[in-house]
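Asker: Predicted structure and sequence below. I'll ask about it afterward.
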Amino acid sequence: MTPPARARILIVDDDPDVREVIELTLAGQGYEVTSVGGGQAALAQLAHEAFGLIVCDLGMPTVDGVALYEALQGRPAPHPAVLFLSGFHDDARYEAFLQETGAPRLVKPFDVTVLRATVRGLLGRACELVVAYRAGWGHWGSGERGASSFAIRNVTLAGLFAWPVADGPDA
């Protein structure tokens, strides 16, 4: 399934050159893209705008990717999907965080073809879950229609493309 071309994506990176490459790449694919220079600016943006996906650098000053992710988890659902970028190949803190959350990551420097495919896949999976919910298949994990299907319904109504990470058909 092809995700809607106008899915909203927030890019968070303290490197303006990286932000520009990602923004041009994803906008060129038809996505609606907003970019900010750090985690604090991302939190401010998220306070008044909804996004289906956040492409976020892990290592940033002040509010890094881990702190941003933790702040998002503390907010009411639905939460956007998060794709992390990392230039750190051996930072134990970030490796532990990625292992614990199962969050996807691209290592810098990355190929823009891989970026496009990863974003398409993340948004496509979310769209598949929305379609599954609409078809009546919305009882992941609990064995009955419940919190997961409600979360997907809220996501659909909000126009976002997010899903419960550890509660889907591939979990």
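Answerer: Received it, and whenever you're ready, just let me know what you need. Residues are numbered from 1 along each chain as shown.

Asker: ok, which stretches of this structure are helices?
Answerer: Remark: helices assigned in the chain by DSSP state H are 16-27, 39-46, 65-73, 92-101, 112-134, 147-158.

Asker: can I get these in TSV with mean neighbour count, distance to Leu83 and mean pLDDT?
Answerer: For glycine as for every other residue, the C-beta is placed from the backbone atoms N, C-alpha and C. Formatted as TSV, the helices of the chain follow (neighbours: other Cβ atoms under 10 Å; distance: least, Cβ to Cβ, whole Å; pLDDT from 0 to 100):
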stretch	mean neighbour count	distance to Leu83	mean pLDDT
helix 16-27	16	10	96
helix 39-46	18	13	96
helix 65-73	18	10	94
helix 92-101	14	11	90
helix 112-134	18	6	73
helix 147-158	17	17	32
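
Asker: Turn those into CSV, including distance to Asp57.
Answerer: Formatted as CSV, those follow (distance: least, Cβ to Cβ, whole Å):
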stretch, distance to Asp57
helix 16-27, 7
helix 39-46, 9
helix 65-73, 6
helix 92-101, 11
helix 112-134, 13
helix 147-158, 25
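
Asker: Which of the ones you listed sits closest to Ala7?
Answerer: Judged by Cβ to Cβ, the one of the helices of the chain that comes nearest to Ala7 is helix 112-134, at 5.1 Å.

Asker: returning to what we had before: which one of the helices of the chain lies nearest to Phe84?
Answerer: Going through the helices of the chain one by one, with Cβ to Cβ as the measure, helix 65-73 comes closest at 5.5 Å.

Asker: Touching the closest one from outside, list them.
Answerer: 12, 39, 42-43, 46, 54, 56-59, 63, 79-80, 82, 84, 93-94, 97, 101, 103 (Cβ atoms under 8 Å, 6 or more residues apart in numbering).

Asker: can you do 6 Å?
Answerer: Residues outside helix 65-73 that contact it (Cβ atoms under 6 Å, 6 or more residues apart in numbering) are 39, 42-43, 56-58, 79, 82, 84, 97.
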